[in-house]
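> Provided below for reference: sequence and predicted model.
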Amino acid sequence: MCASERIGPHHEEAGFRYHRCSACGFVFLLPIPSAEELHRLYEEEVGATFHHGAEISGAFEKRREAGFRLSLLGDALRRSPERSALEIGCGAGYLLDRLRAGGWSVRGVELSDAYVRFARERLRLDVGRERPAGRFGAVLLFNVLSHLPEPEAEMARCLGSLHPGGVLLLETGNAAEVPPWRVGHFGAPDHVWHFTEPNLRALLGRAGFVDVRVVRLNVEWQRRAIAALGRLRGRRAPAAAPAAPGPAAAAPAAPSAESLPKKAVVAALLGLRFGAGRLLADRDHFCTLFVSARRPR
Ligand SMILES: [Zn+2]
């Protein structure tokens with residue numbers, strides 16, 4: 001990230017070793033997993049046990065989250081020269097669905113077969129594994145950059161996918177700024193990179209982006225609230241461990257109806273994250289960073 005060689009071990013997590021650059025604070029896995037390994041991890045491990053089920057069935061949460069994200073970056077979106085958007089790593093497609101409802105033409109790229117099928121068959125979205133040619137008014141990557149094998153090359157590709165004046169919107173965690181005594185939840189092994197805010201500004205600047213703006217969102221409160229709820233649930237229903245859904249082979253199911261109490265809890269947590277999180281952003285370093293940048297005209 002900064003070409004320094006002052007790199008030392010940071011911590012070990014799930015058998016994977018994070019390292020940190022003491023010059024710029026960048027935290028990353030060594031050895032760096034290959035693109036093939038990352039894809040395998042997604043499909044076989046992360047996907048099978050968490051992402052596919054939660055993304056697709058959590059429609060209420062995902063739609064609401066999409067609304068919060070888009071409103072947080074609303075100013076940047078309004079600067080888009082054209083109401084066309086490409087989302088990289090669009091998951092089940094709820095955010096694209098929401099943008100489309102707002103009059104945008106949308107396309108998505110997604111590696112997971114289960115998401116692609118869900119987005120195409122259930123939401124009727126133009127989503128595929130291949131990056132479409134052509135240029136867009138906006139390119140979006142929400143919680144994707146940390147997982148990509150080549151973040152620098154990806155930023156260059158994003159610039160190429162934008163019209164002059166087009167906007168890039170991204171969100172990524174900045175666990176790299178977490179103080180050492182709070183280490184241990186960096187999300188190994190699929191979270192390869194943990195950027196600091198200066199890292200992101202440098203990365204985007206080198207790719208040719210201008211007008212980089214960062215909104216910090218404190219996620220510590222939400223994390224604690226989820227942990228507390230988890231403990232509460234554990235006490236009430238100790239045997240309620242759901243079976244892990246199968247990997248990509250299952251047909252895309254319609255999202256199951258979500259109960260009113262669950263929706264209320266989800267709405268409260270999201271409100272905490274995007275409301276209180278914005279207010280408390282400077283009081284705690286465990287933030288997620290919302291970044292907007294522009295391709296020069
Ligand atoms: Zn560095």
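Nice, I can see it.

> Checking my notes, Gly103 in a helix, right?
No - remark: Gly103 does not belong to a helix; assigned using DSSP: H, G, I helix; E, B strand; the rest coil, it is coil.

> Tell me the confidence at the spatially closest residue to it that is not a sequence neighbour?
Spatial nearest neighbour of Gly103, chain neighbours left out: Arg83 (5.9 Å); criterion: Cβ to Cβ, 6 or more residues apart in numbering. Every C-beta, even on glycine, is put in place using the N, C-alpha and C of the backbone. Arg83 is assigned a pLDDT of 97 by the prediction.

> same deal with Ser259?
pLDDT recorded at Ser259 is 82.

> try the one 4 residues further on
On the pLDDT scale, Lys263 is placed at 86.

> dump the residue contacts of the residue in the stretch 101-250 of the chain that the ion sits nearest to.
In the stretch 101-250 of the chain, no residue comes nearer to the ion than Asn199, which is 7.7 Å away by Cβ to the ion. By Cβ atoms under 8 Å, 6 or more residues apart in numbering, the residues touching Asn199 are 1-2, 24-26, 176.

> A helix includes it, no?
Yes - per three-state DSSP, Asn199 lies within a helix segment.

> now do the same end-to-end measure for stretch 85-105.
6 Å (Cα to Cα, to the nearest Å).

> cool, and stretch 71-79?
13 Å.

> picking up where we left off before, filter the contacts of Asn199 to the buried ones?
Neighbour-count burial (16 or more other Cβ atoms under 10 Å) is assigned, among the contacts of Asn199, to 1, 24-26, 176.

> Can you narrow those residues down to the ones near the ion?
Residues of these in contact with the ion (Cβ under 5 Å from the ion): 1, 24, 26.

> and the two most separated of the buried ones among the contacts of Asn199?
Met1 and Ala176 (9.8 Å; Cβ to Cβ).

> so what sits against both of the two?
26, 195, 199.

> Now for the second one, how many residues are close by?
Which is Phe195. Other residues lying near Phe195 total 27 when counted by other Cβ atoms under 10 Å.

> Correct me if wrong: Gly205 contacts Asp211.
No - Gly205 is beyond contact range of Asp211, at 10.6 Å (criterion: Cβ atoms under 8 Å).

> picking that back up, could you take the buried ones among the contacts of Asn199 and lay them out as a markdown table, with extra columns for secondary structure, distance to Leu162 and pLDDT?
Below are the buried ones among the contacts of Asn199 laid out as a markdown table (DSSP: H, G, I helix; E, B strand; the rest coil; distance: Cβ to Cβ, whole Å; pLDDT from 0 to 100):
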| residue | secondary structure | distance to Leu162 | pLDDT |
| --- | --- | --- | --- |
| Met1 | coil | 23 | 88 |
| Cys24 | coil | 26 | 91 |
| Gly25 | coil | 28 | 89 |
| Phe26 | coil | 25 | 92 |
| Ala176 | helix | 26 | 71 |
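
> Closest one of the residues you listed to Glu12?
For the buried ones among the contacts of Asn199, the nearest to Glu12 is Ala176 (16.3 Å; Cβ to Cβ).

> quick one: that closest one and Thr196 touch, right?
Yes - between Ala176 and Thr196 there is a contact under Cβ under 8 Å: 4.7 Å.

> Between these two, which contacts overlap?
Counting by Cβ under 8 Å, 6+ apart, the contacts common to Ala176 and Thr196 are 25-26.
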